[in-house]
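Visitor: Give the three-dimensional model of this entry:
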Amino acid sequence: MAGAAAEQRRLASVVESWLGRPVLILGDAMLDEWRFADSDRLCREAPAPVLTLRRRISAAGGAANTAVNVAALGGRAALVAPVGADAAGDELHDCLDRAGVWDRTVGLHGRPTAVKRRMLAGNQILLREDSGDPDDALDHEGVEQLLAALDCATEELRAASGEAPTLVVCDYGLGGLPAPVRTWLVDNRERYATVALDAHDLADWRGLAPTVVTPSFAEATRLLARAAADSPARPAGADLHLDHPDGDPSDGPSELTVGVAPGEGTVGVASDGVAGGISRPGGPTRLGPTGEPTPGEDRVAMTGDGLSVTGTGVTVNADAGEGVDRAVLAESRLAELRAHTGAEVVAVTLDTDGAVVGGPDGERRRSHSTPVPASHAVGAGDAYLAAMTLALAADAPLPTAAQLAQLAATITVSDTGTCVCRREDLLAALDAPLDTAGRPALVGAAELETLVEEHRSAGRSVVFTNGCFDVLHRGHVRYLEQARALGDLLVVAVNSDGSVRRLKGADRPVNPVEDRVALLAALACVDHVVVFEEDSPARLIEVVRPDVYVKGGDYPPEMVPEAPLVRRLGGQVRTLGYVPDRSTSAIIERIRAHGQDVSSPVAGQA
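Guide: Numbers count the residues shown, from 1 in each chain. Now for the predicted structure:
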């Protein structure tokens, strides 16, 4: 039990460490629309249910949902994506604003926002209507606008955080990331510390060298098949093309249709068991005039020589025996997937079967999920991608990142709707320390506003203070305990690393923000901790509207720069003296002086 508790605390510390991480999400954004209806009879015209609409909700989808998940998990998310100048686009902007995502999308006239509309009755999806043409690629002007927004958002995140941002690319084949954009990203790869890629066609992204790719089983299989088809063993003139079955490739079971061009014959198995050999009609699979396999031959299945994409001859594991499942199949080709994508980490997601993950060390890691209805799992992959990216950006070990990503995806699938994993839910699943109201101590600015409103509606008074808290010492603890005694709730705002450098100098902070906030959150007198990027907490003060604003020092409240703002908002200002000789600067100077004494020749001889 003690070991399990220590492991949960370790995982929770990673979640705390990624708070405020700058993440730029780029890709195909869409709007998810859910229409909930009742039905108790069939219509006369056809054996179809008569529906009575009861409720309609909309949510961010695709790259937009990945951005929402990054923000909900505690990262600083900025979304760059083409969005139509239409009603659906307006709804999508509202979804991003509510989630606290920096909306840096590019509004385009004449190119509609992609929408997925689902009609449900009794929690069962009856139909889905998709709008948005995948072939409607951005024109030259749209590409230029998108690249300008991408460049500006990158610099904006860097300036706000003082570090290179993380990049997440979500390419769902909707035309929002044409070749010029992909080329720009490859040329500017060094501007991003961590790069995560989720793409329906990974072959389009050769050269990006991502940190992590998260293909579905079908996407991984397609990449292997294409790589085999492009190998020298493939006969000249055999034009292998790869397509998904009818429908959205991101939905349903991991299926893949692979065929040769019409009239070119059939795809066979090469002598080494890898796809790419071509046989003429009369071979193992005969293709119709459209170049597609015959019905029933488009699923991944067991064959006599191992696991293959049935009807195509694309052997994924020629040495596999009976009983091998998709996870074993994926595990056997992780090294090849890493080689073909140039990624350090490959995480093949297997929907209800969890995921398999491989990194540079060659170790294979397996995670599991709980099967749920398909209507509960919409967007679960976005939660997985967001958590995996944040964990790797926070330098978490790969097993930890994989564990947190799977947990984030799993806890989001409890109900129908687009999946979003909130930071407090992830911490709660880890049994992380929460405040007395059952909420996490570390919060984001948007979440803080909601929490403060709840506390205030319950009649609790709010005390607010801010500072760098670089080296937490006895003076800080006494100061915070005194501040907490002035009200019912203490909110502590902490300067980000970039903000501390601007205020204190290039050699500060001594401790990074994830360590500083973790220590503050562990104090019993502190209820909520929030990080701010600016040099002044004025924006947060306007959000919190504290009943009491507290600053440390022996000067009168009138000298506090924030005093006029606090009083205008109806609050009072208090100053509290520090414990003598317990300032952060004094402690750092003593440590430096001690280090100099130890390193001197005389001290070395003593």
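Visitor: where exactly do the strands run in the stretch 501-606 of the chain?
Guide: Under the criterion DSSP state E, counting those that start in this stretch, strands of the stretch 501-606 of the chain are mapped to 528-532, 548-552, 572-576.
Visitor: The first one: how far from the chain's middle?
Guide: Put simply, strand 528-532 sits 21 Å off its chain's centre (C-alpha atoms, centre = their mean, to the nearest Å).
Visitor: for the record, mean pLDDT for that strand?
Guide: Mean pLDDT, strand 528-532: 90.
Visitor: for stretch 506-513, same thing?
Guide: Stretch 506-513 comes out at a mean pLDDT of 85.
Visitor: Stretch 326-333 too?
Guide: The model assigns stretch 326-333 a mean pLDDT of 85.
Visitor: ditto for stretch 171-181
Guide: 91.
Visitor: With stretch 25-44 instead?
Guide: Per-residue scores along stretch 25-44 average to 89.
Visitor: What are the buried residues along stretch 477-495?
Guide: 477-480, 482-484, 486-487, 489-495 (16 or more other C-beta atoms under 10 Å). To be clear about C-beta, it is placed using only N, CA and C from the backbone, and glycine gets the same treatment.
Visitor: Select from those every entry located in helices.
Guide: V477, R478, Y479, L480, Q482, A483, R484 (DSSP state H).
Visitor: re the thing from before, out of the strands of the stretch 501-606 of the chain, nearest to T465?
Guide: strand 548-552 (4.3 Å; C-beta to C-beta).
Visitor: So which elements touch the closest one?
Guide: With contacts taken as 3 or more C-beta pairs under 8 Å, 6 or more residues apart in numbering; DSSP states H and E, strand 548-552 sits against strand 462-467, helix 474-484, strand 572-576.
Visitor: Contacts for it next, please.
Guide: 461-465, 467, 479, 483, 486-487, 541, 557, 560, 562-563, 566, 571-578 (C-beta atoms under 8 Å, 6 or more residues apart in numbering).
Visitor: can you rerun that using 6 Å?
Guide: Here strand 548-552 makes contact (C-beta atoms under 6 Å, 6 or more residues apart in numbering) with 463-465, 479, 483, 486-487, 560, 566, 571-576, 578.
Visitor: Quick one: the helices and strands packed on strand 548-552 as JSON lines, columns for distance to S367 and mean pLDDT too.
Guide: Output for those, formatted as JSON lines (distance: least, C-beta to C-beta, whole Å; pLDDT from 0 to 100):
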{"stretch": "strand 462-467", "distance to S367": "39", "mean pLDDT": "94"}
{"stretch": "helix 474-484", "distance to S367": "39", "mean pLDDT": "87"}
{"stretch": "strand 572-576", "distance to S367": "48", "mean pLDDT": "90"}
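Visitor: As a markdown table, those with distance to V143 would be great.
Guide: What follows is these, written out as a markdown table (distance: least, C-beta to C-beta, whole Å):
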| stretch | distance to V143 |
| --- | --- |
| strand 462-467 | 42 |
| helix 474-484 | 51 |
| strand 572-576 | 51 |
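Visitor: Okay, and the residue nearest to the spatial centre of the chain sits in which element?
Guide: With distances taken as C-alpha atoms, centre = their mean, A386 lies nearest the centre of the chain, 1.4 Å away. Assigned by DSSP states H and E, A386 belongs to helix 380-393.
Visitor: which helices and strands sit right next to that helix?
Guide: helix 63-72, helix 398-410 (3 or more C-beta pairs under 6 Å, 6 or more residues apart in numbering; DSSP states H and E).
Visitor: For A522, grab the count of nearby residues.
Guide: 13 (other C-beta atoms under 10 Å).
Visitor: Over to A46?
Guide: 7.
Visitor: repeat for A63
Guide: When neighbours are counted by other C-beta under 10 Å, A63 comes out with 29.
Visitor: on that earlier part again, was I right about the residue nearest to the centre of the chain contacting V68?
Guide: No. With contact defined as C-beta atoms under 6 Å, A386 and V68 do not form a contacting pair (8.5 Å).
Visitor: Provide the contact partners of the helix or strand hosting G142 at residue level.
Guide: According to DSSP H and E, G142 maps onto helix 140-161. Contacts to helix 140-161, defined as C-beta under 6 Å, 6+ apart, come from residues 22, 24, 78, 80, 104, 106, 108, 165, 180, 184, 191, 498, 533.
Visitor: 8 Å - rerun?
Guide: So helix 140-161 is in contact with 20-24, 26, 76, 78, 80, 82, 102, 104-106, 108, 111, 138, 164-165, 176, 178, 180-181, 184, 188, 191-192, 496-498, 533, going by C-beta under 8 Å, 6+ apart.
Visitor: Tell me where the stretch 301-450 of the chain is predicted with low confidence.
Guide: Within the stretch 301-450 of the chain, the segments meeting pLDDT under 70 span 301-324, 375, 432-440.
Visitor: State the distance from E514 to E91.
Guide: 35 Å (C-beta to C-beta, to the nearest Å).
Visitor: again, but for E129
Guide: In terms of C-beta to C-beta, E129 sits 16 Å off from E91.
Visitor: Can you pick out the residue with more neighbours from the two?
Guide: Shown here are E129 and E91; by other C-beta under 10 Å, E91 has more neighbours (17 against 11).
Visitor: That one against S58, yeah?
Guide: Yes. The criterion here is C-beta atoms under 8 Å, and E91 meets it with S58 at 5.0 Å.
Visitor: quick one on the thing from earlier: angle of the helix holding A386 against helix 63-72?
Guide: 50 degrees (axes from the mean of the first three to the mean of the last three C-alpha atoms, to 10 degrees).
Visitor: Distance from helix 380-393 to the middle of the chain?
Guide: 4 Å.
Visitor: Now do that helix against helix 398-410, angle only.
Guide: Going by the same axes, to 10 degrees, helix 380-393 makes 150 degrees with helix 398-410.
Visitor: if we can go back for a sec, pull up the overlap in contacts between E91 and S58.
Guide: In contact with both E91 and S58: L31, using C-beta under 8 Å, 6+ apart.
Visitor: Could you report the separation of R182 from Q145?
Guide: 16 Å.
Visitor: Return the residues in contact with the residue nearest to the centre of the chain.
Guide: Taking C-beta under 8 Å, 6+ apart, one finds T66, N69, V70, L73, G75, V168, A408, C421 in contact with A386.
Visitor: tell me, how many neighbours does the first one end up with?
Guide: For T66, the count of nearby residues is 32 (other C-beta under 10 Å).
Visitor: quick one: it and R423, what's the gap?
Guide: In terms of C-beta to C-beta, T66 sits 15 Å off from R423.
Visitor: Likewise for the second one?
Guide: Here the criterion is C-beta to C-beta. By it, N69 lies 10 Å from R423.
Visitor: If you count surrounding residues, which of the two has more?
Guide: N69 (35 against 25).
Visitor: Which secondary structure element is home to E424?
Guide: With DSSP H and E as the criterion, E424 is inside helix 423-429.
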